[in-house]
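Q: Provide a 3D model corresponding to the input given below.
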Amino acid sequence: MAKNTICLWYDKDAEAAARFYAETFPDSAVGAIHRAPSDYPSGKRGDVLTVEFTVAGLPCLGLNGGPAFKHNEAFSFQIATDDQQETDRYWNAIVGNGGQESACGWCKDKWGISWQITPRVLTEAMAAGGDEARRAFEAMMGMKKIDVAAISAARRG
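A: Numbering: from 1, shown residues only. Here you go, the predicted model:
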């Protein structure tokens, strides 16, 4: 296990979430699955307790801790994309698998984890600053899934 790992609390579906992420994002994998050595408040001995996994190169640990805590937008994965095809692929995978759309490139998976599917053209426009950033930002504010062509057009003015 990595020295620094993101721990994500799930009700009971950490393994299913890890497998979905591994199937969806490159440089992702499911590692060790650890079972509870005895009964605990939200599970039984032998249930999956933790799952080690990687999402786009980032080490994570999924904890099946029960329904006590829910995810919110204060934490999100941000996935940089190179073009509309890649943006669509990730967005559609998350939303199409029981997730939901939000605004400005954000969506949630069916386990409540927030994702920012962010084309590089948008982050590059923001880094450019000035009128280019303002135009790209204003275009983004009206979007759910980011439209790469519209951001590119906004950058140009």
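
Q: isn't residue 17 right up against residue 112?
A: No: assessed by Cβ atoms under 8 Å, residue 17 is found out of contact with residue 112, at 9.7 Å. Yep, even glycine has a C-beta here, placed from its N, CA and C like the rest.

Q: center of the protein - which residue?
A: Nearest to the mean C-alpha position of the chain, by Cα atoms, centre = their mean, lies residue 115 at 3.3 Å.

Q: Spit out the contact partners of the spatially most distant residue from the centre of the chain.
A: Computed with Cα atoms, centre = their mean, the residue of the chain farthest from its C-alpha average is residue 38, at 31.4 Å. Shown in contact with residue 38 (Cβ atoms under 8 Å, 6 or more residues apart in numbering): residue 45.

Q: Spell out which residues make up each domain of the chain.
A: Domain ranges of the chain: 6-64, 76-156, per automatic domain parsing.

Q: ok, residues contacting the helix or strand harbouring residue 89?
A: Element membership for residue 89, per DSSP states H and E: helix 84-96. Contacts with helix 84-96, where a contact means Cβ under 8 Å, 6+ apart, come from 24-25, 79, 81, 101, 107-109, 115, 117, 119, 145-149.

Q: same check, this time on stretch 103-118
A: Stretch 103-118 is contacted by residues 8, 10, 13, 17, 20, 70-73, 75-81, 87, 90-91, 94-95, 97-102, 119, 122, 140-141, 143-146 when judged by Cβ under 8 Å, 6+ apart.

Q: Same check on stretch 9-29?
A: Here stretch 9-29 has contacts from 8, 30, 33, 42-43, 47-48, 50-51, 53-57, 60, 62-67, 69, 71, 79, 90, 93-94, 97, 109, 111, 113, using Cβ under 8 Å, 6+ apart.

Q: From those residues, which land in strands?
A: Secondary structure from DSSP state E places 8, 30, 33, 48, 50-51, 53-55, 60, 62-64, 79 of the contacts of stretch 9-29 in strands.

Q: Among those residues, name the buried ones.
A: With burial judged by 16 or more other Cβ atoms under 10 Å, the buried subset of the ones in strands among the contacts of stretch 9-29 is 8, 30, 48, 50-51, 53-55, 60, 62-64, 79.
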